[in-house]
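*Asks:* What would the 3D arrangement of this be:
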Amino acid sequence: IGQNAYFDKDGFVVETSTEIIDGVPKITGVSCDEVVLYEKLQLENSQILRDLLNLTQTLKKYDLLPDEIQYDSSMEPVLYYGTIQVKLGSEDNLSQKVVRLSIILPQLDGLSGTLHLETWTPETTDIIWDRAEEAPAEEITEETTEETTEEPAQDDPSSAETPVEQPQDDQGSAETPVEQ
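*Replies:* Sure thing, here's the model as predicted:
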């Protein structure tokens, strides 16, 4: 359609514009044939719209709106916060996944990589941080090579996946209301 469609919490289009509004996540990976101002956004699948509205409201509740929400080929959301990618997987346990994200995301400040929440459940609580490979900042010389051989190898592929420590919440903090 050549324009951005901005919608409210109920999925009604409230503005169309070629301008990009700061603080509003860009949604990619979904398509709509027609956008009509003040009518409900018509996506190819009405379940995706429900899931998208649920996701954006949950993220807003925890003040975690990303730069972009991309739906992958399986129509599962992937969040982008600068150089951090968060794979949420299905909508199952969404609120609990977002609670974990709210605790973990500040710890990842300044890093690049992928946080895997797609397999998280209350029974399977592993969360994997997959650090992005970084290009060397300077050319390696003989002196720096000698120095680095004394330290553990940083390019070991097994070190790229690191489980992220998460809180143990015996009292069901996922259901704790947050002031807005």
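*Asks:* Can you name the residues bridging to the spatially most central residue of the chain?
*Replies:* Centrality entry for the chain: nearest residue to the mean C-alpha point is Leu79, 2.4 Å, by Cα atoms, centre = their mean. Assessed by DSSP bridges, Leu79 has beta-bridge partners Ile69, Val86.
*Asks:* Pull up the gap between it and Gly2, please.
*Replies:* Leu79 sits 25 Å away from Gly2, going by Cβ to Cβ, to the nearest Å. No exception for glycine: its C-beta is placed from N, CA and C like everyone else's.
*Asks:* which residues in this protein form helices?
*Replies:* All helices of the chain, identified by DSSP state H, fall at 46-61, 94-104, 142-149.
*Asks:* nearest to Ile27, of these?
*Replies:* For those, proximity to Ile27 was assessed by Cβ to Cβ; helix 46-61 is nearest, at 6.9 Å.
*Asks:* From the contact counts, what lies against that closest one?
*Replies:* Packing partners of helix 46-61 (3 or more Cβ pairs under 8 Å, 6 or more residues apart in numbering; DSSP states H and E): strand 68-71, strand 77-81, helix 94-104.
*Asks:* dump the residue contacts of Leu65.
*Replies:* Each residue near Leu65 by Cβ atoms under 8 Å, 6 or more residues apart in numbering is listed here: Gly23, Val24, Pro25, Thr56, Leu59.
*Asks:* ugh, typo on my part, it should be Glu44
*Replies:* Here Glu44 is in contact with Val30, Ser31, Cys32, Asp33 (Cβ under 8 Å, 6+ apart).
*Asks:* So among the residues you listed, which ones count as buried?
*Replies:* The neighbour-count test (16 or more other Cβ atoms under 10 Å) marks Val30 as buried among these.
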